[in-house]
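Engineer: Quick one: sequence and predicted model below, then my questions.
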Amino acid sequence: MADNGGKKITLKSSDGEEFEVPEVVAMESQTIRHVIEDVCAKNSIPLLNVNSKILSKVIEYCKKHVAAAEAAASKASTEEGTAAAASVTKPSDEDLKTWDAEFVKVDKGTLFNLILAANYLHIPGLLDLTCQAAADMIKGKSAKEIRKFFNLKNCISPEEEEEIRRENQWAFEEEKRTRAFDAYA
Amino acid sequence: MEPSSPSIASVWDRLSCDLTELILSYLPLRSLICSSAVCRQWHDAAASSASRYHHRRRPWFFLFGLNNVVSRLDQSFGFDPETSSWYPLPPPHPDCFSGAGGFSFAASSCSRFAYSPLLSGGTHPNWRLTKPLTFPRCNPIVAVFDENRFVVVGGVRYIGGLVDLEDRLAVEIYDPVAEAWEVAPPLPVDFRSVGSSSQWLSAALLPKRKILYVFGTYSCHVAAFDLSRRVWTGGVGTLRPHGTLFASLLAGPDDSLLLAGLCSGEQEGGSGGAQPCFAIWAVDPEMMGQPRRIAVMPEDLLTGLFGIDDDDNRFASLRCVGTDGSVYVFNENPHKGYPACVCQIEGKKMDLCSWRLIPPLPGSVNRFHKTIAFCSPVPLGPVLRTAHL
């Protein structure tokens, strides 16, 4: 990785910790990119909405993705864009996907904060990854299970909920499996 | 930081609308609907998310089976490619004949038809009747554009029990809000000889160009109807790549056009005896140049669906439907349980084509006299009515 001679930037978390990262890694965040490009030389960029724990995870993500992009680009140029290059980048795509999958195996509190950070810092890849992970936690759960898992206040009346179920019976079928159900009555 | 304290766990309550909608946009339809029953905020977010991120969801494959004698045996199924699952749905309308663009259509008479948004209304779907057609007909092609305008093409008119061949039925366009039909020139005369009932035609609607292409399954005639100017443009052409026995014209990803059909397997040089194959071609919407073959169904998949007899009649029950880059091929033979496969076409050059067998229909499936199959997106507006809560 181009750690030698590349320009460095300091990011400061909300709880005062400082992280020195190569500028190219920090620019994975479009928010930070705008600050660097518009406001020019900044010694340290304070990120008031991101704590150190989350910021270190975000930096880890950005470092990995910048490194993967650089590796793919250099392989492509050495192979001079032949078919071999296309087949060589494929395995590293898979590796990155595996890495991403491991990266989001975190508790839901951390995931929540990662989503907020990815949104605030405008890092599209991270936002996509974390939202998909949150959606994966929702998939397959019943409304009640979702409520419990995310500790959400239930403000729908039983009648309203029953109406939603009635209108979309097919979507709630599995829950009705044990009840007698005659669709052709 | 205390990651497992209750105050952290309940922060999901404070997720902004935008982020809630974004997360929900990653859910397949069934999970989205379950989510809409979680709380008021999620119900509203689910509805907004559905329309905002509509383009993200792949169209469903619907199969309606009708029994001419015992209507209690009618069944409906919907296949969601996101979850790769079939969902038994409430029984179909007994006069159902078609579906497209988020609606299913039923016609109890030749003069008008009923329409209902797909998947909405539970066991009592909200069927609305159109005003009477200017030219009553049976079995037309019905396509949907601009979200809820219907365009009716072809169909047959019966006089004294016989098909009226002389009459060329005008194209009619329906505005459900104004409840009025607009008449436009009929299908070009070249189509008359091969029949203009939906049995012999397929149609592909390209929403950005606003053109409806109509294609003769066996004749391979193609014509284009400009929905903005309400006229047929460019005359009648023929799309018959070498060796094509029959085919369907389908809308591809991103306003592209696809041809999908059975080929005899003959090579250009004329050496016969090869196995028939099912192929997909990319067609230039301007109709310039030859169709470009982009995918071929793997042979084991084709034999899995249709058997390995030498008898080419086994393909008589082959049906192909699709839209938006999904191509479904299935066997309408009731003795086989309606097996099907799908090809997903992606990529700018439509070079990423992946075939897979889809799971068998769920539960016990009756034998039907008539099956209606179509591929359609499921716009979720009518399914998740915000005004409700």
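Structural biologist: That came in fine, so what should we check first?

Engineer: pretty sure residue A:18 is touching residue A:46, no?
Structural biologist: No. In this structure, residue A:18 is not within contact of residue A:46 by C-beta atoms under 8 Å, at 9.7 Å. C-beta here means a position set from N, CA and C on the backbone, and glycine is covered the same way.

Engineer: Could you name every residue contacting both of the two?
Structural biologist: By the contact definition C-beta atoms under 8 Å, 6 or more residues apart in numbering or on different chains, residue A:18 and residue A:46 are jointly contacted by residue A:12.

Engineer: Assess the claim that residue A:65 and residue A:96 are in contact.
Structural biologist: Yes. Look at residue A:65 against residue A:96 with C-beta under 8 Å: they come within range, at 7.4 Å.

Engineer: what about the helices in chain A?
Structural biologist: According to DSSP state H, chain A carries its helices in the segments A:23-26, A:30-39, A:52-78, A:83-103, A:108-120, A:124-138, A:143-150, A:158-167, A:173-176.

Engineer: ok, the helix or strand containing residue B:116 near chain A or not?
Structural biologist: Assignment of secondary structure by DSSP states H and E places residue B:116 within strand B:114-117. No. In this structure, strand B:114-117 remains apart from chain A according to C-beta under 8 Å from any C-beta of the partner chain; the gap is never smaller than 11.4 Å.

Engineer: Just checking: what are the partner strands of that strand?
Structural biologist: Here strand B:114-117 is paired, per DSSP bridges, with strand B:103-106 (antiparallel), strand B:128-129 (antiparallel).

Engineer: Dump the first one to CSV, keeping only the CA atoms.
Structural biologist: The C-alpha atoms that make up strand B:103-106 are tabulated as CSV, following Å, rounded to 0.1, in the frame of the first residue of the first chain:
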residue,chain,number,x,y,z
PHE,B,103,-52.2,-5.8,-12.5
SER,B,104,-54.2,-8.9,-13.3
PHE,B,105,-57.0,-8.7,-15.8
ALA,B,106,-60.3,-10.7,-16.0
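
Engineer: Tell me the spatial nearest neighbour of the residue of the stretch 1-150 of chain B found nearest chain A, not counting adjacent residues.
Structural biologist: Taking C-beta to the nearest C-beta as the measure, the point where the stretch 1-150 of chain B comes nearest chain A is residue B:26, at 3.5 Å. Of all residues not flanking residue B:26 in the chain, residue A:135 sits nearest, at 3.5 Å (C-beta to C-beta, 6 or more residues apart in numbering or on different chains).

Engineer: State the pLDDT value of that neighbour.
Structural biologist: At residue A:135 the predicted local confidence, pLDDT, stands at 96.

Engineer: need the contact list for it.
Structural biologist: B:23, B:24, B:26, B:27, B:31 are the contacts of residue A:135 under C-beta under 8 Å, 6+ apart.

Engineer: all helices for the stretch 251-389 of chain B, in order.
Structural biologist: B:299-306 (DSSP state H, counting those that start in this stretch).

Engineer: Residue ranges in it under the pLDDT threshold?
Structural biologist: Scanning the stretch 251-389 of chain B with the threshold set as pLDDT under 70 gives B:266-274, B:312, B:382-383, B:385-389.

Engineer: how about a cut-off of 50?
Structural biologist: B:386-389 (pLDDT under 50).

Engineer: With just CA atoms, put the longest helix along chain B into PDB.
Structural biologist: Criterion DSSP H: the longest helix present in chain B is helix B:40-52. Coordinates of each C-alpha in helix B:40-52 appear next as PDB, following Å, rounded to 0.1, in the frame of the first residue of the first chain:
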ATOM      1  CA  ARG B  40     -46.500   3.100  12.700                       C
ATOM      2  CA  GLN B  41     -43.200   4.600  11.700                       C
ATOM      3  CA  TRP B  42     -42.100   1.400  10.000                       C
ATOM      4  CA  HIS B  43     -45.500   1.200   8.200                       C
ATOM      5  CA  ASP B  44     -45.100   4.600   6.700                       C
ATOM      6  CA  ALA B  45     -41.400   4.000   6.000                       C
ATOM      7  CA  ALA B  46     -42.300   0.700   4.200                       C
ATOM      8  CA  ALA B  47     -44.800   2.400   2.000                       C
ATOM      9  CA  SER B  48     -42.400   5.300   1.100                       C
ATOM     10  CA  SER B  49     -39.500   2.900   0.700                       C
ATOM     11  CA  ALA B  50     -41.500   0.800  -1.700                       C
ATOM     12  CA  SER B  51     -42.200   3.500  -4.200                       C
ATOM     13  CA  ARG B  52     -38.800   5.300  -3.800                       C
END
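
Engineer: Please look at residue B:11 and residue A:111 and confirm they touch.
Structural biologist: No. Using C-beta under 8 Å, residue B:11 is not in contact with residue A:111, being 10.8 Å away.

Engineer: The two: which is more packed in?
Structural biologist: More neighbours surround residue A:111 than the other of residue B:11 and residue A:111, with 18 against 15 (other C-beta atoms under 10 Å in any protein chain shown).

Engineer: Quick check: pLDDT value at the more buried one.
Structural biologist: The pLDDT attached to residue A:111 in the predicted structure is 95.

Engineer: ok, it to residue A:125 distance?
Structural biologist: For residue A:111, the distance to residue A:125 under the criterion C-beta to C-beta, to the nearest Å works out to 15 Å.

Engineer: returning to what we had before: now do the longest helix of chain B: which elements does it pack against?
Structural biologist: The helices and strands touching helix B:40-52, judged by 3 or more C-beta pairs under 8 Å, 6 or more residues apart in numbering or on different chains; DSSP states H and E, are helix B:17-24, helix B:29-35.

Engineer: so what strands line up beside the helix or strand following it?
Structural biologist: Along the chain past helix B:40-52, the next helix or strand (assigned with DSSP H and E) turns out to be strand B:60-66. Strand B:60-66 sits in its sheet next to strand B:75-80 (antiparallel), strand B:370-376 (antiparallel), going by DSSP bridges.

Engineer: got JSON lines for those strands, with distance to residue A:57 and mean neighbour count too?
Structural biologist: Putting the strands paired with strand B:60-66 into JSON lines (distance: least, C-beta to C-beta, whole Å; neighbours: other C-beta atoms under 10 Å in any protein chain shown) gives the following:
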{"stretch": "strand B:75-80", "distance to residue A:57": "33", "mean neighbour count": "22"}
{"stretch": "strand B:370-376", "distance to residue A:57": "41", "mean neighbour count": "20"}
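
Engineer: a markdown table please, covering those and showing distance to residue B:260.
Structural biologist: Formatted as a markdown table, the entries for the strands paired with strand B:60-66 read as follows, by distance: least, C-beta to C-beta, whole Å:
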| stretch | distance to residue B:260 |
| --- | --- |
| strand B:75-80 | 17 |
| strand B:370-376 | 11 |
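
Engineer: neighbouring contacts of stretch A:105-125?
Structural biologist: Identification of contacts with stretch A:105-125 by C-beta under 8 Å, 6+ apart yields A:28-32, A:47, A:49-51, A:53-55, A:57-58, A:61-62, A:65, A:104, A:126-127, A:129-131, A:133-134, A:137, A:149-150, B:3-4, B:8-9, B:11-12, B:15, B:19, B:23.

Engineer: May I see the ChimeraX selection of the buried members of those residues?
Structural biologist: For selection in ChimeraX, the members of the contacts of stretch A:105-125 meeting the burial criterion (16 or more other C-beta atoms under 10 Å in any protein chain shown) are listed in this command:
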select /A:28,29,31,32,47,49,50,51,54,55,57,58,61,62,65,104,126,127,129,130,131,133,134,150 /B:8,9,12,15,19,23
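
Engineer: Please name the residues that touch residue B:60.
Structural biologist: With contacts defined as C-beta under 8 Å, 6+ apart, the neighbours of residue B:60 are B:29, B:78, B:79, B:80, B:81, B:118, B:375, B:376, B:377, B:378.
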